[in-house]
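Engineer: sequence and predicted structure below; questions after.
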Amino acid sequence: MKKMIDLTGQKFGRLTVIRKAHRKIDHKVVWVCQCVCGNKIETPTGSLRSGYTKSCGCLRREISSKLRRVNLLGKRFGRLLVIEEEPSKAGDHIVFWKCQCDCGNIVLHSTNTLTSGNTKSCGCFKNDILKKLNDNNAKDGTMLNQITDTRKINKNNKSGIRGVSWDSSRSKWEAKITFKQKTIHLGRFDNKKDAINARKKAEKKYFHPILEKFRRDKDNLNVKNYWR
């Protein structure tokens, strides 16, 4: 039977062996160790002598933290320039950076948000993309905001439907639609429901292709080319 090697007082990394523990792990001798950070742990002889265990776990956490901590000061992400590190209440696990956008706004973003490529501005970039797409549609004389107009309908409109109104001179419901800066008359009807159906069919005919084109352009927009 091998004689037990007394490790009391010996140092292994950040650990100093205080004494032999009262318990064993898998029939192996366990030692009570004091870490330089103040914590105490119990670990087997083999883990200490092989160098597998060098601390209570604080060393691994520090190394992991340093690997995660990236200095972004002065770096640019799209329209954002990192100008300052912001003190975080979340500790070292999450680092926030103060960024100045090209438009002048100041925003806060975490390391992951910036390095993932999902954030390129204070929000103005997205607005500019939408404006660019809207301007492209406007070249055809069709403003996207007119198609998607969500303003309240005029209180004098008795139908409750945009483009459908009561023609008191003829005692009929009139349907019309404005497209490419031109008003298209869809007819007059005795029944309000027929006038509404005519308006809905016209929206499908004139508006839907524009909306679909906008969605396709939005999905297919090459962000990298836009930055150039």
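Structural biologist: That came in fine, so what should we check first?

Engineer: what about this structure, any weak spots by pLDDT?
Structural biologist: 1-2, 64-69, 88-94, 130, 132-155, 214, 216-228 (pLDDT under 70).

Engineer: one more time with 80, if that's ok
Structural biologist: The chain contains residues with pLDDT under 80 at 1-4, 61-70, 87-95, 112, 117-118, 125-159, 180-181, 210-228.

Engineer: now the longest strand along the chain, how far from the centre of its chain.
Structural biologist: For the chain, the strand that runs over the most residues, judged by DSSP state E, is strand 15-25. Chain-centre distance of strand 15-25: 49 Å, with Cα atoms, centre = their mean, to the nearest Å.

Engineer: the helices in the chain, which residues?
Structural biologist: For the chain, the helices defined by DSSP state H cover 45-49, 58-68, 111-115, 124-138, 144-147, 192-202, 208-220, 223-227.

Engineer: so which elements touch the third one?
Structural biologist: Which is helix 111-115. Applying 3 or more Cβ pairs under 8 Å, 6 or more residues apart in numbering; DSSP states H and E, we find helix 111-115 packed against strand 96-101. Where C-beta positions appear, they are placed from N, C-alpha and C, glycine not excepted.

Engineer: number of residues surrounding Q34?
Structural biologist: Around Q34 there are 16 other residues, counting by other Cβ atoms under 10 Å.

Engineer: likewise for the one 10 residues further on?
Structural biologist: Around P44 there are 18 other residues, counting by other Cβ under 10 Å.

Engineer: which ones are touching it?
Structural biologist: I25, D26, K28, V29, V30, W31 (Cβ atoms under 8 Å, 6 or more residues apart in numbering).

Engineer: ditto for C33
Structural biologist: F12, L15, T16, V17, I18, K40, I41, E42, T43, L48, C56.

Engineer: ok, 6 Å please
Structural biologist: Each residue near C33 by Cβ atoms under 6 Å, 6 or more residues apart in numbering is listed here: L15, V17, I41.

Engineer: just name the closest of those to I63, please.
Structural biologist: Distance to I63 across these (Cβ to Cβ) is lowest for L15, with 16.0 Å.

Engineer: tally of neighbours for V164?
Structural biologist: 26.

Engineer: swap that for R79, sorry
Structural biologist: 19.

Engineer: how near is the spatially most central residue of the chain to H109?
Structural biologist: Nearest to the geometric centre of the chain sits N118, at 6.1 Å (Cα atoms, centre = their mean). Applying Cβ to Cβ, to the nearest Å, the value for N118 to H109 is 10 Å.

Engineer: same check on K213?
Structural biologist: 33 Å.

Engineer: which one of those two has more residues nearby?
Structural biologist: Between K213 and H109, counted using other Cβ under 10 Å, H109 has the larger neighbour count: 20 against 16.

Engineer: neighbour-wise, which of the contacts of P44 leads?
Structural biologist: When neighbours are taken as other Cβ under 10 Å, the top entry among these is W31 (23 neighbours).

Engineer: hmm, V17 and that one touching each other?
Structural biologist: Yes: counting by Cβ atoms under 6 Å, V17 is a contact partner of W31 at 4.9 Å.

Engineer: return every residue with contacts to both of these two.
Structural biologist: Joint contacts of W31 and V17 (Cβ under 6 Å, 6+ apart) are L7.
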